[in-house]
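Student: no letters, just coordinates:
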């Protein structure tokens with residue numbers, strides 16, 4: 001029993017030392033958090049793992065609606081074109097004005113498939129300390145599902161197919177109202 005208590009005391013002391021050292025390091029400001037200075041490889045891997053596991057764990061219980069509805073997909077195409085291409089690009093786009101300054105770089109969504117539950121959760125809640133906003137503050141769940149429905153069709157889409165679907169997309173009433181509000185605010 002005495003040996004066990006000594007062992008626990010050592011473990012507690014080590015954990016306190018690690019915590020204190022981490023606190024001193026954080027307080028020192030030595031770690032460069034500038035987006036133009038990449039994380040250390042171990043920090044990058046740790047943060048990517050935390051992000052991926054967090055999203056997946058929080059999204060696990062989300063019920064996915066039918067994402068094959070053509071009207072839902074069209075609405076999502078318009079939403080994506082209006083709000084997502086600057087960071088996540090569109091078929092045929094190699095970069096954008098904002099993308100080189102983002103770290104970590106956001107996924108290029110026309111080149112990868114994202115689990116619909118994970119996509120919905122990420123779009124709705126955003127990701128802390130990244131450029132991914134929480135669209136759930138300004139968009140309802142059906143609108144977010146329209147974006148997810150479009151994301152299901154996006155990988156492998158050609159630039160021509162992308163332009164065609166965006167051209168057929170219904171006008172984004174939310175964006176239209178925001179632009180009108182901004183125009184009236186400057187009068």
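Tutor: Received it, and whenever you're ready, just let me know what you need. Given the structure is predicted, the values throughout are model-derived calculations rather than measurements.

Student: enumerate every residue touching the residue lying closest to residue 67 once chain neighbours are set aside.
Tutor: Leaving aside its sequence neighbours, residue 67 sits nearest to residue 149 (CB to CB, 6 or more residues apart in numbering; 4.1 Å). Where you see a C-beta, it was placed from the backbone N, CA and C, and this is true even at glycine. Contacts of residue 149 were listed using CB atoms under 8 Å, 6 or more residues apart in numbering, and they are 67, 68, 69, 72, 73, 76.

Student: residue 149 sits in which helix or strand?
Tutor: helix 141-153 (DSSP states H and E).

Student: starting at the chain centroid, how far to the helix or strand just after that helix?
Tutor: Using DSSP H and E, the helix or strand that follows helix 141-153 in sequence is helix 159-168. The chain centre lies 24 Å from the centre of helix 159-168; the measure is CA atoms, centre = their mean, to the nearest Å.

Student: tell me the helices and strands packed up against helix 159-168.
Tutor: Judged by 3 or more CB pairs under 8 Å, 6 or more residues apart in numbering; DSSP states H and E, the packing partners of helix 159-168 are helix 70-83.

Student: give me the contact list for whatever helix or strand comes next after the helix it packs on.
Tutor: Once the chain leaves helix 70-83, the next helix or strand it forms, by DSSP H and E, is helix 85-88. Residues outside helix 85-88 that contact it (CB under 8 Å, 6+ apart): 80, 93, 96-99, 102, 106-110, 131-132.

Student: again, but for stretch 118-130
Tutor: 51, 55-56, 58-59, 62, 64, 102, 104, 106, 114, 132-136, 139, 141, 144-145, 147-148, 151.
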